[in-house]
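Undergrad: coordinates only, no sequence provided:
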């Protein structure tokens, strides 16, 4: 007998200001070009769109064109007016916008190097009964993170800059081993972009 299947909704968090990338705010890290020609956020979105039937992308007001790119790729766009208060606010906003949903696969807009097989493994873990599934590479937890619908109320109660870290500390988490260094690789500074 095959395990029950869950159709997760993808959430792409693309509402951060990237102040470590450019403290002056002139260059949006999500709009920087990768060697293949894609912008960072477009590569992140394409990956998520290839793995789940629906992706809700959360962007800030005055996003510099991020929403336009994501909408053209097929993401549902929602603008979080409180994005500057932290990742928790963006996540709550996206989860609320996504309802009803069977669960969520929460990915970051500045992590374009995650493998599709990692997303599939996280979705499968939740489909098989995990409440929260996180990828682990060489002993280190990374992103994205998958949540079953049983965590809806807890996700909606988040706030500020905590993101979902508090949930991962308070609830059982299934670690999913992956051979994917992309789960640990994000873009925080210009030096993180490949030449």
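TA: Looks like it arrived, so ask away. This is a predicted model, so every value here is computed, not measured.
Undergrad: against which helices or strands is the helix or strand of the chain with the lowest mean pLDDT packed?
TA: Averaged element by element with mean pLDDT, DSSP states H and E, the chain has its least confident helix or strand at helix 165-170 (a mean of 84). With contacts taken as 3 or more C-beta pairs under 8 Å, 6 or more residues apart in numbering; DSSP states H and E, helix 165-170 sits against strand 132-137, helix 152-156. For the C-beta atoms, the positions are set from N, CA and C on the backbone; glycine is no exception.
Undergrad: report the mean confidence score over the shortest one.
TA: What it means is helix 152-156. Taken as a whole, helix 152-156 carries a mean pLDDT of 92.
Undergrad: over to the longest one?
TA: In this model, strand 132-137 carries a mean pLDDT of 97.
Undergrad: quick one: contacts of the next helix or strand after that strand?
TA: Downstream of strand 132-137, the next assigned helix or strand under DSSP states H and E is strand 140-141. Applying C-beta atoms under 8 Å, 6 or more residues apart in numbering, the external contacts of strand 140-141 come out as 134-135, 175, 184.
Undergrad: quick one: distance of stretch 107-121 to the chain centre.
TA: With C-alpha atoms, centre = their mean, to the nearest Å as the basis, stretch 107-121 stands 8 Å off its chain's centre.
Undergrad: quick one: the strands in this protein, in order.
TA: Secondary structure of the chain (DSSP state E): strands at 9-13, 55-59, 76-79, 103-108, 132-137, 140-141, 145-148, 174-177.
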